[in-house]
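Novice: Quick one, fold the following:
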Amino acid sequence: MDPTIYNGVLTVAAAAFCVAFVLTTYQILAGPNSLDRVLGLDGLVAMIQCALAVYICWTLDTTVSNAMLVVALLGFISSVSVARFRKRDGS
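Specialist: Okay, here's the model as predicted:
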C-alpha cells in the first residue's frame, strides 16, 4: 500500500476519534442520570482502546498492546461494579 494513502486513512481515523472524544465527554458531563454517564464512560474506554490500536498501526510499535489490555480490564471491572452497586438516582 502506498504510504501516503495509509497515513491519510490513519489521519482521518485519528480526526474521527478526536470528534468522538469531544462528543462523548459532553455526554458524560451533561448526562441526565448516572447510567447515562456510565454508558458514556464505557464508550470512552472503547474509544481509548481503538485509538491505541490506531496508534499501533501508525507507529508499528506493539508495546502499547499491554496498555490496551489494562484499559479493557479496567473498563469491564468498572462497568460490572457500577451495575452491581448502583442505587437509583434521587433516592
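
Novice: now the strands for the protein?
Specialist: Assigned by DSSP state E, the chain shows no strands.

Novice: Show me the longest helix that occurs in it.
Specialist: In terms of residue count, the longest helix belonging to the chain (DSSP state H) is helix 3-30.

Novice: Check which helices and strands it is in contact with.
Specialist: helix 34-59 (3 or more C-beta pairs under 8 Å, 6 or more residues apart in numbering; DSSP states H and E). For every residue, glycine as well, the C-beta is placed using N, CA and C.

Novice: Any regions of the protein where pLDDT drops low?
Specialist: 89-91 (pLDDT under 70).

Novice: How about the contacts made by the residue nearest the centre of the chain?
Specialist: In the chain, the residue lying closest to the centroid (C-alpha atoms, centre = their mean) is residue 47, at 2.3 Å. By C-beta atoms under 8 Å, 6 or more residues apart in numbering, the contact list for residue 47 reads 17, 20-21, 24.

Novice: Centre of the chain to the longest helix of the chain, how far?
Specialist: 11 Å (C-alpha atoms, centre = their mean, to the nearest Å).

Novice: Between helix 34-59 and it, find me the angle.
Specialist: If you take axes from the mean of the first three to the mean of the last three C-alpha atoms, to 10 degrees, helix 3-30 sits at 160 degrees to helix 34-59.

Novice: what about the residue lying closest to residue 58 once chain neighbours are set aside, distance to residue 48?
Specialist: What sits nearest to residue 58 in space, not counting adjacent residues and going by C-beta to C-beta, 6 or more residues apart in numbering, is residue 10, at 5.0 Å. Distance of residue 10 to residue 48, given as C-beta to C-beta, to the nearest Å: 17 Å.

Novice: These two: which has the busier surroundings?
Specialist: Neighbours per residue (other C-beta atoms under 10 Å) separate residue 10 from residue 48, with residue 48 holding more: 18 against 15.
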